[in-house]
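Enquirer: take this sequence and fold it.
(2 chains)
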Amino acid sequence: MRHTGTTMLVVLNKDAYSIQREQDVILFRNRVKEFAVRIGMGVVNQTKLITAASELVRNMLRYANGGDVLIEVITRGRENGIRLTFKDQGPGIPDIKQAMQDGFSTGRSLGLGLPGTKRLVSEFDIKSTVGVGTTVTIVKWKNG
Amino acid sequence: MREQSEGIVNLVVDNLNEQTIQLDPYALEPIQEYLAGISISRARHGFSPRETSFYVLSLKNAILDVQEESAGSDIAALYESTRALNRLFDELSTNTFETFIKGREDVILRQTDEISEISTPVIRVWDQILAMPLIGTLDSARTQTVMENLLQSIVDTGSEIAILDISGVPAVDSLVAQHLIKTVSATRLMGAECIISGIRPEIAQTVVQLGIDLSQVVTKATLASALKHAFGMLKLEVRKTQPPKPFMI
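Expert: Numbering: from 1, shown residues only, chains lettered A, B, ... in the order given. Here you go, the predicted model:
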């Protein structure tokens, strides 16, 4: 269990998914949406969360050939939210600061995936070790 | 069902090696084929694989009953034959699972093909105006089809304006946006103008926060306003007809 400030963060419900192919993205997104609907998240936040999830899953497929995602319904104090943990065993990101800049991409995309995702969600955390893999954790609060 | 059961029993009996109940793999083939047929037809009829395999296993029990009766007091022989039968039917029921899943997968594959075929229609809404409603997720493969269909239709119809309606696209992430921008640029290269319509409020907010720049693209909230914009570009006007004046004496 993790303590954040004075209130405890509690995991209510969780589910793990493995992402291997592009088709998995759609399925996974629908799952995320189901979870978001279940906790009563509004349409705007739902869309933001799904878009963020979709960005990260695509990154995972593109750079690490897939990985695993953990979907969790969490609660902290009076707030409910969804936490997604994306874990891959890809090449890792050598310079996270650079990767978090708008417009930077090693894969000829718009370069908005990581920085854009950070703007879409309430909490964003990225850990990466070159040659080992990358773990990205995002949290979207129901009203955040 | 009775017919199917008789079919299997007959095949099993026909292919039984008379000395032992050991079946050689070649003899097993027709039985497996027959079972595969049953399994697939059941998959199409919506049976669960559990039911199909239960069905096969219940046949085993029936045969075991018969054996028990005919073996009489020879326990050792009964045990041997039961073991052999068990192996055989385990194999067969595992096979039904496999074919069952294969049957379902065929259905899924066919549906995928059908969906991708129907998913990208180009509609001629007006002289020189094309509309293309996009439904579902845009991945690289689909964008390619969308772009090809749209560009070809622009050539075929000599249209000047294409409206891409994304009301049915659940989420616009940076990859989808990139695909959209590419489609718009390609349309422009063809000398036509592209309008993107059907941007829902939540999509608009998400796109802005993601930092995607769609300012180079003409975007509208609804297909109706996109059509209106297109009319404006073609200098067309839609007007209510004047009610006929009452006849005066």
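Enquirer: ok, and the closest non-adjacent residue to the residue in chain A that chain B sits nearest to?
Expert: In chain A, the residue that lies nearest chain B is A:Gly116 (3.6 Å; C-beta to the nearest C-beta). C-beta here means a position set from N, CA and C on the backbone, and glycine is covered the same way. Of all residues not flanking A:Gly116 in the chain, B:Leu210 sits nearest, at 3.6 Å (C-beta to C-beta, 6 or more residues apart in numbering or on different chains).
Enquirer: same question for A:Ile26.
Expert: Nearest non-adjacent residue to A:Ile26 (C-beta to C-beta, 6+ apart): B:Thr137, at 5.3 Å.
Enquirer: lowest-pLDDT helix or strand in chain A?
Expert: When each helix and strand of chain A is scored by mean pLDDT, DSSP states H and E, strand A:2-4 comes last, with a mean of 51.
Enquirer: ok, back up a step: list the residues that contact the residue nearest to A:Gly116.
Expert: Residues in contact with B:Leu210 (C-beta atoms under 8 Å, 6 or more residues apart in numbering or on different chains) are A:Thr51, A:Glu55, A:Leu112, A:Gly116, A:Thr117, A:Arg119, A:Leu120, B:Asp173, B:Ser174, B:Ala177.
Enquirer: out of these, which one sits closest to B:Leu130?
Expert: Within the contacts of B:Leu210, proximity to B:Leu130 (C-beta to C-beta) peaks at B:Ala177, which comes in at 21.3 Å.
Enquirer: can you list the strands that the longest strand belonging to chain A pairs with?
Expert: Scanning chain A for the strand with the most residues, using DSSP state E, yields strand A:7-19. In the sheet, strand A:7-19 lines up against strand A:2-4 (antiparallel), strand A:67-76 (antiparallel) (DSSP bridges).
Enquirer: now the helix or strand following it - C-alpha only, PDB.
Expert: As assigned by DSSP states H and E, the chain's next helix or strand after strand A:7-19 is helix A:22-38. In PDB, the C-alpha atoms belonging to helix A:22-38 read as follows (Å, rounded to 0.1, in the frame of the first residue of the first chain):
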ATOM      1  CA  GLU A  22      -2.500  -3.800 -32.800                       C
ATOM      2  CA  GLN A  23      -5.900  -5.500 -32.400                       C
ATOM      3  CA  ASP A  24      -5.300  -5.700 -28.600                       C
ATOM      4  CA  VAL A  25      -5.400  -1.900 -28.500                       C
ATOM      5  CA  ILE A  26      -9.100  -1.700 -29.300                       C
ATOM      6  CA  LEU A  27     -10.000  -4.400 -26.800                       C
ATOM      7  CA  PHE A  28      -7.900  -2.800 -24.100                       C
ATOM      8  CA  ARG A  29      -9.400   0.600 -24.700                       C
ATOM      9  CA  ASN A  30     -12.900  -0.800 -24.400                       C
ATOM     10  CA  ARG A  31     -11.800  -2.400 -21.100                       C
ATOM     11  CA  VAL A  32     -10.500   0.900 -19.800                       C
ATOM     12  CA  LYS A  33     -13.700   2.600 -20.800                       C
ATOM     13  CA  GLU A  34     -15.800  -0.100 -19.000                       C
ATOM     14  CA  PHE A  35     -13.800   0.600 -15.800                       C
ATOM     15  CA  ALA A  36     -14.200   4.400 -16.200                       C
ATOM     16  CA  VAL A  37     -17.900   4.100 -16.800                       C
ATOM     17  CA  ARG A  38     -18.200   1.900 -13.700                       C
END
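Enquirer: ok so, going back, how about the strands paired with strand A:7-19, which one is nearest B:Leu64?
Expert: Comparing the strands paired with strand A:7-19 under C-beta to C-beta, the one sitting nearest is strand A:67-76, at 44.8 Å.
Enquirer: what's downstream of the one helix or strand in chain B whose mean pLDDT sits lowest, the next helix or strand?
Expert: The weakest-scoring helix or strand in chain B, judged by mean pLDDT, DSSP H and E, is helix B:2-15 (a mean of 68). Where DSSP H and E defines the elements, the next helix or strand beyond helix B:2-15 is helix B:25-44.
Enquirer: what angle sits between the helix or strand where B:Ser70 lies and helix B:25-44?
Expert: Per DSSP H and E: B:Ser70 is located in helix B:49-71. Angle between the axes of helix B:49-71 and helix B:25-44 is 140 degrees (criterion: axes from the mean of the first three to the mean of the last three C-alpha atoms, to 10 degrees).
Enquirer: contact partners of stretch A:120-137?
Expert: By C-beta under 8 Å, 6+ apart, stretch A:120-137 touches A:48-49, A:51-52, A:56, A:64, A:67, A:81, A:83-94, A:96, A:100, A:114, A:117-118, A:138-141, A:144, B:206, B:209-210.
Enquirer: who in chain B is up against chain A?
Expert: Within chain B, the positions near chain A by C-beta under 8 Å from any C-beta of the partner chain are B:137, B:139-140, B:170-175, B:177-178, B:201-203, B:205-206, B:209-212.
Enquirer: tell me the secondary structure of the residue nearest to A:Ile26, please.
Expert: coil (DSSP: H, G, I helix; E, B strand; the rest coil).
Enquirer: surely it and A:Gln23 touch.
Expert: No: using C-beta atoms under 8 Å, B:Thr137 is not in contact with A:Gln23; the gap is 9.8 Å.
Enquirer: these two: who's more crowded?
Expert: Shown here are B:Thr137 and A:Gln23; by other C-beta atoms under 10 Å in any protein chain shown, B:Thr137 has more neighbours (19 against 12).
Enquirer: list the residues that contact the more buried one.
Expert: Applying C-beta under 8 Å, 6+ apart, the residues contacting B:Thr137 are A:Val25, A:Ile26, A:Arg29, B:Val169, B:Pro170, B:Ala171, B:Val176.
Enquirer: I am finished for the moment; much appreciated.
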